[in-house]
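Trainee: Mind looking at a prediction? Sequence and model below.
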Amino acid sequence: MTGRVGEGGAVAAPAGVGARLPSPLLDVRDDRFDAHGVRLALKRDDLIHPDVVGNKWRKLTPNLAAAGQRTVVTFGGAYSNHLRATAAAGRLLGLRTLGVVRGDELADRPLNPSLARCAADGMRLRFVDRATYRRAAEPEVLAALLAALPLAPEDAYVVPEGGSNPLAVQGCVPLGRELRGRADVVAVACGTGGTLAGLAAGLDPEQRALGVPVVGGGFLAEATAGLQRAAFGERRGTWSLDDRFHWGGYARVPAPLREFADDFARRHGLAVERLYVAKLLWALLKLTEEGAFPAGTRLVAVVTGRPGPETDGQG
C-alpha cells in the first residue's frame, strides 16, 4: 500500500481507496435563506467515495498510509460513521481493523446495522465499559486494552475516536483549499474538531469557518486549537464554534429535527444524514433567521455523510 501526505497537506490516496476530488459544490435555492439575502451551497463531501465517505476519507487517508501493514485500532460508539469508514477502508486495502466500541452492555445484543456493516467488512469488535472508554487515550489504559486483544503495541496503529489526529487535520486542509474564493462562511458539523481544524487552515484569510458541535460541553474549541497546534505548530485560520444546536447529545434526533430533515429532502431532493448534517443545516437556518450572516453572504455547508436508517439516532 502506498500513500503520503504531501507538502501543504495534499494527500495521495492509498491504492484501492481512490476518490472523487474535488467534491462537488452545489447551489441550493431555498426561500428561507433567500429571504435574508443569504446564498446557500452544499459541499458534497458525501460523494467522495461510496464506502469511505466525506471527511472520513480525508481524515483516514493519511493515517492508512502511515499504518503500513499494522492492524488499525480505532474507537467509536454504536452508530459511529468513523468505525464504518475504517472497516470499509480496511476491506478495500486488505488491512486488519479492530474497533473498540463504547458500551460493554452491547456485547450480548444483536449488532445494529452500523456495527453489522463493520463486522461484514472484516472489523473485529471489542466492547468496553463506558468508564474505560472515556480513559482510552491514557497510555496505561490503551496499553491494557491492546494487551487484552491480544495485540502487541508494535503491531497496532492507533487512530483516535472520530479519526482526529495531526495527520487527519492535514488531510482536511484540501477541503478548505477547494473552497477558496467560493464562500464567505464555510460551516461543518463537529464531533471531535479535526475536520474544522484542517478546513480552517486551508481557507483564504478573508474566509471564515464555523463549527456546529453535535455534542455539548464546550470542549471543542480547546480540542480544535490543540489539534491545529499539533498539526501545524500554531492556530490557523479564522474559525469559531456555535454550541447551541446539538439537541442535547450526539444520538439525539427528536421529532422536530426529523421533520426538518424530511422537509429539506422534499424541497431539494436530497436526503441528509441526521446526526450531523441535519443538525448543521438546522443551525444554519436558525443563525440566518437571527441575522448572523449579512445579506450577500455565500454560505457553504459541508455534507459529510449520507443518510440511512442506521444513522437516524434515537430519542
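Mentor: In hand now; what should we look at? Numbers count the residues shown, from 1 in each chain.
Trainee: only C-alpha atoms for contact and neighbour calcs from this point on.
Mentor: OK.
Trainee: Could you give the separation of stretch 158-177 from the chain centroid?
Mentor: Taking C-alpha atoms, centre = their mean, to the nearest Å, the mean C-alpha location of stretch 158-177 is offset from the chain mean by 9 Å.
Trainee: quick one: terminal-to-terminal distance for it?
Mentor: The straight-line separation of the ends of stretch 158-177 (C-alpha to C-alpha, to the nearest Å) is 28 Å.
Trainee: So for that stretch, mean pLDDT?
Mentor: When the per-residue pLDDT values of stretch 158-177 are averaged, the result is 96.
Trainee: ditto for stretch 266-277
Mentor: Confidence for stretch 266-277, expressed as mean pLDDT, is 91.
Trainee: Between the two ends of that stretch, how far is it?
Mentor: 16 Å.
Trainee: And L257, which helix or strand is it part of?
Mentor: Following DSSP states H and E, the helix or strand that holds L257 is helix 255-268.
Trainee: Next, please give the residue ranges for the strands of the protein.
Mentor: Using DSSP state E, the strands of the chain run over 4-5, 11-12, 25-28, 39-44, 71-76, 97-102, 124-128, 156-158, 185-190, 208-213, 239-241, 298-303.
Trainee: okay if I get those as JSON lines plus mean neighbour count and distance to T86?
Mentor: Output for the strands of the chain, formatted as JSON lines (neighbours: other C-alpha atoms under 10 Å; distance: least, C-alpha to C-alpha, whole Å):
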{"stretch": "strand 4-5", "mean neighbour count": "18", "distance to T86": "17"}
{"stretch": "strand 11-12", "mean neighbour count": "20", "distance to T86": "17"}
{"stretch": "strand 25-28", "mean neighbour count": "15", "distance to T86": "25"}
{"stretch": "strand 39-44", "mean neighbour count": "21", "distance to T86": "20"}
{"stretch": "strand 71-76", "mean neighbour count": "23", "distance to T86": "8"}
{"stretch": "strand 97-102", "mean neighbour count": "24", "distance to T86": "7"}
{"stretch": "strand 124-128", "mean neighbour count": "19", "distance to T86": "11"}
{"stretch": "strand 156-158", "mean neighbour count": "19", "distance to T86": "12"}
{"stretch": "strand 185-190", "mean neighbour count": "26", "distance to T86": "18"}
{"stretch": "strand 208-213", "mean neighbour count": "25", "distance to T86": "22"}
{"stretch": "strand 239-241", "mean neighbour count": "19", "distance to T86": "27"}
{"stretch": "strand 298-303", "mean neighbour count": "23", "distance to T86": "19"}
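Trainee: Contacts made by the helix holding L257 with the rest, please.
Mentor: V28, D30, L270, A271, V272, R274, A278, K279, W282 (C-alpha atoms under 8 Å, 6 or more residues apart in numbering).
Trainee: got the contact list for the fourth one?
Mentor: A271 sits next to A261, D262, F264, A265, R306, P307 when contact means C-alpha under 8 Å, 6+ apart.
Trainee: For ChimeraX, write the select line for the buried members of the residues you listed.
Mentor: Selection command for ChimeraX covering only the buried members of these, criterion 16 or more other C-alpha atoms under 10 Å:
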select :261,262,264,306,307
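Trainee: List just the nearest of the contacts of A271 to A78.
Mentor: Minimum distance to A78 across the contacts of A271 is 16.2 Å, recorded for P307 (C-alpha to C-alpha).
Trainee: Which segments of this protein make up each domain?
Mentor: Domains of the chain are assigned by automatic domain parsing as 19-48+164-311, 55-163.
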